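> Provide a 3D model corresponding to the input given below.
(one chain, ligands or ions: 1)
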Amino acid sequence: MTIEDFILKTIQANVTTGSVSWQSPSNIALVKYWGKYGEQLPKNTSISFTLSNCHTKTKLHYTPSNTHKFEFEVYLDGQRAESFEPKILKFFERIEVYMPFLKQFKFRIETGNSFPHSSGIASSASGMSALALCLMSLERLTNSDITDEYFYAKASFLARLGSGSACRSIQGPLVVWGEHPVLPGSSQLIGTTLPFEIHDNFKDYCDTILLVDQGEKVVSSTVGHDLMHNHPFAEQRFNQANQNFEAILEVLKTGDFDKFISIVESEALSLHAMMMTSEPYFLLMKPNTLSIIHKIWEFRRETSSKICFTLDAGANVHVLYPNAEKEEVSRFIENELAVFCENGKYIHDVVGIGAKVLL
Ligand code: DP6
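Here you go, the predicted model:
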């Protein structure tokens with residue numbers, strides 16, 4: 001699909017007042033997106049597990065308006081959240097060319113996350129994908145001819161323009177973003193699901209998110225991506241990620257746990273290595289992040305566990321393991337890792353199949 005395919009050309013029906021609602025999950029990247037160009041296009045291919053318990057629910061109320069301006073209000077958990085509005089305005093400005101009807105409505109956006117606000121879990125992927133899906137439901141009311149395939153592709157396209165990784169939060173269980181020669185159908189513009197059956201070993205993976213630091217991040221992802229311009233190791237990093245992507249595709253077919261672990265942990269540490277070698281440099285890991293990593297390595301050495309870790313752009317640790325190990329790993333987390341979490345908090349999650357409409 002090309003960018004032009006996502007421009008709405010015909011509005012067939014008049015839409016009156018109403019509302020639409022979606023629940024959209026967070027995702028955790030196995031091969032990381034870090035570095036972008038143009039209008040939210042990734043410098044390398046990434047792939048993520050879609051989560052399920054960590055999600056955003058968004059209800060979009062719309063009513064026709066003729067002010068010819070963007071008109072909306074955002075509510076988080078029932079309270080007006082004006083601090084979110086500049087980001088949404090920027091999003092609307094960016095997507096207006098693809099959705100020329102936006103200024104014909106006044107919106108009330110009611111949103112809420114299943115995870116605590118200040119948990120350090122990024123809500124931009126689940127939040128932007130939920131909003132993009134609501135807007136697509138509205139677009140479908142103006143044009144009932146659109147297929148499901150187009151609906152989800154355009155939702156991913158729009159979500160990407162809100163936050164890059166959000167384009168991987170529409171479907172599941174594994175979503176690729178970024179064109180790669182070994183995967184026909186992969187795209188710079190949208191997240192796509194894998195065109196082959198994944199090995200049973202990876203079908204019911206678990207992700208326990210250890211909340212190491214629930215404070216505001218010192219450097220946002222957007223700023224971090226920007227620092228990849230003129231970064232001394234940028235090109236090597238993009239090549240490494242593209243090679244890791246190719247390798248992980250094989251692993252997902254063959255079920256090789258050990259190779260999975262080495263790719264996923266290396267990706268997490270490479271991502272943070274980019275942060276530490278940016279100009280200016282920064283560090284998002286905390287001492288407890290490192291303590292947890294060492295504990296996980298020790299546990300793996302001493303047992304036959306296939307547990308591993310990954311990190312997003314923050315201090316929290318995502319602990320990944322097969323569902324078959326759930327009991328032992330849950331015990332290990334409670335007994336040995338919870339102590340490194342702020343207020344002992346962590347969230348159990350599992351791989352999910354993507355967003356769902358709420359009635
Ligand atoms: C480390 O998608 O949050 O989580 O496109 O600027 O909104 P923007 O950035 P964002 O970056 C996510 C980076 C990451 C890795 C990943 O999810 O692939």
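> C-alpha only now, for contacts and for neighbours.
OK.
> now do His294 against Val212, distance only.
14 Å (CA to CA, to the nearest Å).
> Met128 now?
Counting by CA to CA, the gap from Met128 to Val212 is 24 Å.
> also Val74?
Distance, Val74 to Val212, by CA to CA: 29 Å.
> okay, now the nearest residue to Val97 once chain neighbours are set aside: neighbour count?
Excluding the flanking residues, the one nearest Val97 by CA to CA, 6 or more residues apart in numbering is Ile7, at 6.6 Å. By other CA atoms under 10 Å, 15 other residues sit near Ile7.
> same question for Glu298.
Around Glu298 there are 11 residues (other CA under 10 Å).
> how close does it sit to Lys306?
Note on Glu298: its distance to Lys306, by CA to CA, is 12 Å.
> then Ile190?
Going from Ile190 to Lys306 by CA to CA gives 31 Å.
> more neighbours, those two?
Using other CA under 10 Å as the criterion, Ile190 and Lys306 rank with Ile190 on top: 29 against 18.
> verify the stated contact: Asp200 with Thr254.
No - counting by CA atoms under 8 Å, Asp200 does not reach Thr254; the two are 9.2 Å apart.
> packing partners of the host helix or strand of Ala268?
Assessed by DSSP states H and E, Ala268 sits inside helix 257-276. Packing partners of helix 257-276 (3 or more CA pairs under 8 Å, 6 or more residues apart in numbering; DSSP states H and E): strand 18-31, helix 234-254, strand 308-311.
> how far off centre is the shortest one?
Yep, that's strand 308-311 we're talking about. Put simply, strand 308-311 sits 15 Å off its chain's centre (CA atoms, centre = their mean, to the nearest Å).
> now do the contacts for Pro322.
By CA atoms under 8 Å, 6 or more residues apart in numbering, Pro322 lies in contact with 201-202, 204-206, 306-307.
> no wait, Cys54
Contacts of Cys54 were listed using CA under 8 Å, 6+ apart, and they are 25-26, 113-115, 349.
> for it, phi and psi?
Main-chain dihedrals, Cys54, degrees, to the nearest 10: phi -90, psi 110.
> what's the distance between it and Gly78?
Using CA to CA, one gets 19 Å for the distance from Cys54 to Gly78.
> cool, Lys9 as well?
35 Å.
> can you check Pro322 too?
37 Å.
> again with Lys259
45 Å.
> got a list of what Thr56 touches?
Residues near Thr56 by CA under 8 Å, 6+ apart: 23-26, 111-114, 123, 126-127, 130.
> out of the helices and strands packed on helix 257-276, which is closest to His272?
Closest approach to His272 among the helices and strands packed on helix 257-276 (CA to CA): strand 308-311, 8.4 Å.
> can you give the strand pairings for the closest one, parallel or anti for each?
Strand 308-311 has the following sheet partners, assigned by DSSP bridges: strand 317-321 (antiparallel).
> and the angle from the strand it pairs with to strand 18-31?
Here strand 317-321 runs at an angle of 80 degrees relative to strand 18-31 (axes from the mean of the first three to the mean of the last three CA atoms, to 10 degrees).
> who's more crowded, Lys259 and Gly78?
The neighbour comparison of Lys259 against Gly78 (other CA under 10 Å) goes to Lys259, with 14 against 10.
> in terms of contact, does that one touch Leu252 like I think?
No - applying CA under 8 Å as the test, Lys259 and Leu252 come out as separate, 9.8 Å apart.
> list the contacts for Phe151?
Shown in contact with Phe151 (CA under 8 Å, 6+ apart): 136, 140.
> mind redoing it with 10 Å?
Residues near Phe151 by CA atoms under 10 Å, 6 or more residues apart in numbering: 6, 133, 136-137, 139-140, 157.
> quick one on the thing from earlier: which one of the contacts of Cys54 is nearest to the ligand?
The ligand has its nearest neighbour among these in Ser26, at 9.5 Å by CA to the nearest ligand atom.
> just the pLDDT at the closest one, thanks.
Each residue has a pLDDT score; the one for Ser26 is 97.
> interface residues of the stretch 51-200 of the chain facing the ligand?
Proximity of the stretch 51-200 of the chain to the ligand, by CA under 6 Å from any ligand atom, involves residues 163-165.
> can you tell me which of the residues you listed are buried?
Buried members of those, counted by 16 or more other CA atoms under 10 Å: 163-165.
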